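Q: Predicted coordinates and the sequence they were generated for:
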Amino acid sequence: CLRLFSTSNVALQTLSVNGKTYPVSDKTNVTSSILNLTDRAVYLKPSHPVGILRSVIEDKLNDPHHSFEIYNDFKPAVTVHENFDSLGFPEDHPGRSKSDTYYLNDCHLLRTHTSAHELECFKNINGFVPGHVGKTDKPGFLISADVYRRDEIDRTHYPVFHQMEGGRVWKREPDNQHLLKIKEDLERLEKTLADDPVKLVVEDNVSLEGNPKQEYMTMEEVDLCSRHLKRSLELVVLEVFKRKLASMGNVKGEELKVRWIQAYFPWTAPSWEIEVFWQNNWLELCGCGLIREDVLLKAGYEQNQNIGWAFGLGLDRIAMLLFEIPDIRLFWTLDERFHSQFKEGTINKFKPYSKYPGTIRDVAFWLPTDKNFDIIHENDLMEIVRNVAGDLVECVKLIDSFTHPKTGRKSLCYRINYQSMDRNVTNEEVNELQDKVRDTLVKLYGVELR
Ligand code: FA5
Ligand code: MG
């Protein structure tokens, strides 16, 4: 993997992310095309679709009480501890594997979710952690940031996307005063939802069976805290999709359907996901749950004294839908024809500018029969193509897989679509890229090209 991020034949011994230097190790699998994105921070640009969506949600959640401290400057390189250990991910969790996660070295990686910063932000609320700076007087937080996952390539998948994390805690008070506070806030949330001209139709059949509460919480606390979490997220969904409906010319009498489904996250219990029904599909928006006391204890809170919730909302798919952006790569383009179309605070439909034709090339090969050969992970193949072709690759798809009946040899065929968002790509250019992909497959895996 050293080869992949070195431009010369001299292997680099360190790599640099946001001005910090990290020694590489056997675990390193991050590539230069990914590292180049770590300084972009497109979600902070006030007139970028993801930036516009972020501010709409921040404003909604902070209206009228400003309960959430906003953190938008956390850098993407974090420790394995922050991203996984602090949240109780088991050692063998698939999310930790090199095929899913970009590692800088054995102890550092590019965060795979904004939850990597939860502990830090819960500490800031607590404020009493010895030696800890960054204390806030607000009982909640919102963190927006770019997150990185090794994934397939198509119009809705890109190795970098954005999440907004939210967290909220209440300190238990004598005479259950904290419950009154939650109730009061909950009534306000419920009233705002009920008064809206767009009706939110909510399906929620999730029980606590198989999704148990934590023992230290009372049933009443679980009930109030979950309703507070769910109504807060419903309010966000309503706000965002209502703007979309308005831009499409409908508001009055409109219904919007959402549903709650059971989920599992190692650091929340119980846990849920919320989905919205849009254009005949259920779209997954957000994972969430009541924060496990373990996390609060790690953040220095006293045992049995606090309850709270957390959520992690994906921003890109919502932004694609709101602004009618057909290809997730457009979020990363430098083309002014894209950026000049959006302005702060406004949700408008993207007008595609001339689309350049794509060029399809197939690569078919026999896998090695060597017993020690480990199957090529699909994400590794995606990575090879992305490293060779960068944003010129629009899509990679397995179109054929076949095992020879006599020899037992396995053959795979992948179809690659090369397409630029801003210019024509020549046939010569595509041929050259395709040759490099083929060569790399032979060199790295010893496949036999067909
Ligand atoms: C998480 O990342 C958890 N950290 C969420 C969470 C936070 C749970 C706090 C509990 C408490 P998940 O992998 O499901 O969960 O991603 C959360 C959201 O990010 C998804 O609902 C989806 O909207 C978005 N998302 C996930 N993967 C992608 C992807 N490849 N491309 C675009 N959006 C994605
Ligand atoms: Mg999920």
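A: Now that the structure is in, tell me what you want to look at. Residues are numbered from 1 along each chain as shown. Ligands and ions are numbered 1, 2, ... in the order given.
Q: Please enumerate the strands of the stretch 1-150 of the chain.
A: With DSSP state E, counting those that start in this stretch, the ranges of strands along the stretch 1-150 of the chain come out as 14-17, 20-23, 68-71, 77-79, 108-110, 140-148.
Q: Check those strands for me and report the most buried one.
A: Mean neighbours per residue, mean count of other C-beta atoms under 10 Å, is largest over these for strand 108-110, with a mean of 26. Using the backbone N, CA and C atoms, a C-beta is placed for each residue, glycine as well.
Q: Take the strands of the stretch 1-150 of the chain and lay them out in JSON lines including mean pLDDT and distance to ligand 1.
A: Shown next, in JSON lines, are the strands of the stretch 1-150 of the chain (pLDDT from 0 to 100; distance: least, C-beta to the nearest ligand atom, whole Å):
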{"stretch": "strand 14-17", "mean pLDDT": "96", "distance to ligand 1": "21"}
{"stretch": "strand 20-23", "mean pLDDT": "96", "distance to ligand 1": "23"}
{"stretch": "strand 68-71", "mean pLDDT": "97", "distance to ligand 1": "14"}
{"stretch": "strand 77-79", "mean pLDDT": "98", "distance to ligand 1": "13"}
{"stretch": "strand 108-110", "mean pLDDT": "98", "distance to ligand 1": "14"}
{"stretch": "strand 140-148", "mean pLDDT": "98", "distance to ligand 1": "7"}
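Q: mind putting the ones you listed in CSV, distance to Asn417 included?
A: What follows is those, written out as CSV (distance: least, C-beta to C-beta, whole Å):
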stretch, distance to Asn417
strand 14-17, 30
strand 20-23, 34
strand 68-71, 38
strand 77-79, 32
strand 108-110, 26
strand 140-148, 23
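Q: Chain neighbours aside, what residue packs nearest to the residue of the chain found nearest ligand 1?
A: Relative to ligand 1, the nearest point of the chain is Gly314 (2.3 Å; C-beta to the nearest ligand atom). Nearest residue to Gly314, sequence neighbours excluded (C-beta to C-beta, 6 or more residues apart in numbering): Gln163, at 5.8 Å.
Q: hang on, that neighbour in a strand?
A: Yes - using DSSP: H, G, I helix; E, B strand; the rest coil, the assignment for Gln163 is a strand.
Q: can you start the count at 5 instead of 1 from here on
A: Done: numbering now begins at 5, and the last item shifts to Gln167.
Q: Go ahead and confirm it touches Arg115.
A: No - with contact defined as C-beta atoms under 8 Å, Gln167 does not reach Arg115; the gap is 9.1 Å.
Q: Ok, which of the strands of the stretch 5-154 of the chain comes nearest Ser211?
A: Closest to Ser211 of the strands of the stretch 5-154 of the chain is strand 144-152 (C-beta to C-beta; 27.1 Å).
Q: Quick check: residues of the protein near ligand 1?
A: Selection of the chain residues close to ligand 1 by C-beta under 6 Å from any ligand atom yields 117, 119, 153, 155, 161, 165, 167, 169, 269, 272, 288-293, 314-316, 318, 320-321.
Q: just to revisit the earlier point, which residues touch the residue of the chain closest to ligand 1?
A: By C-beta atoms under 8 Å, 6 or more residues apart in numbering, the residues touching Gly318 are Phe165, His166, Gln167, Glu288, Leu289, Cys290.
Q: Let me know the pLDDT of it.
A: As predicted, Gly318 sits at a pLDDT of 97.
Q: cool, and Ile61?
A: Looking at Ile61, its pLDDT is 98.
Q: Let me know whether it touches Leu317 as I believe.
A: Yes - judged on C-beta under 8 Å, Ile61 makes contact with Leu317 at a distance of 7.4 Å.
Q: Can you pull the residues that touch both of those two?
A: Counting by C-beta under 8 Å, 6+ apart, the residues touching both Ile61 and Leu317 are Met168, Val240.
Q: More neighbours: which of these two?
A: Leu317 (25 against 21; other C-beta atoms under 10 Å).
Q: Could you check which helix or strand contains the more buried one?
A: strand 310-318 (DSSP states H and E).
Q: What separation do you get for the residue nearest to Gly318 and Leu325?
A: Separation of Gln167 from Leu325 (C-beta to C-beta, to the nearest Å): 16 Å.
Q: Among these two, which residue is more densely surrounded?
A: Gln167 (23 against 17).
Q: That one pairs with what?
A: Ala149, Gly318 (DSSP bridges).
Q: what does the model give it for pLDDT?
A: Taking Gln167 on its own, its pLDDT is 98.
Q: what does Ala250 give?
A: Reading off the model, Ala250 has pLDDT 85.
Q: do Met223 as well
A: pLDDT for Met223: 97.
Q: What are the boundaries of the helices in the stretch 355-454 of the chain?
A: 382-393, 431-449 (DSSP state H, counting those that start in this stretch).
Q: Nearest approach to Val240 belongs to which of those helices?
A: helix 382-393 (31.0 Å).
Q: and Cys125, how far is that from Glu169?
A: Counting by C-beta to C-beta, the gap from Cys125 to Glu169 is 8 Å.
Q: Now the common contact residues for these two.
A: Here Cys125 and Glu169 have Phe145, Ile147 as joint contacts, going by C-beta under 8 Å, 6+ apart.
Q: circling back: quick one: work out the angle between the strand holding Leu317 and strand 144-152.
A: 40 degrees (axes from the mean of the first three to the mean of the last three C-alpha atoms, to 10 degrees).
Q: Pull the distance from strand 310-318 to the chain's centre.
A: 15 Å (C-alpha atoms, centre = their mean, to the nearest Å).
Q: which element follows it toward the C-terminus?
A: According to DSSP H and E, the helix or strand after strand 310-318 is helix 320-327.
Q: got the angle for that next one vs strand 144-152?
A: 90 degrees.
Q: Just the C-alphas of helix 320-327, formatted as CSV.
A: What follows is helix 320-327 as a C-alpha-only set of coordinates in CSV (Å, rounded to 0.1, in the frame of the first residue of the first chain):
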residue,chain,number,x,y,z
ASP,A,320,-25.2,14.1,1.9
ARG,A,321,-28.2,12.0,0.8
ILE,A,322,-30.6,14.5,2.2
ALA,A,323,-28.8,17.3,0.4
MET,A,324,-28.8,15.3,-2.9
LEU,A,325,-32.5,14.9,-2.6
LEU,A,326,-33.3,18.5,-1.6
PHE,A,327,-31.2,20.1,-4.2
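Q: Mind listing residues that contact it?
A: Against helix 320-327 from outside (C-beta under 8 Å, 6+ apart): 53-54, 56-57, 160, 162, 165-166, 244, 247-248, 282, 287, 289, 329-330, 332, 335, 346, 351-354.
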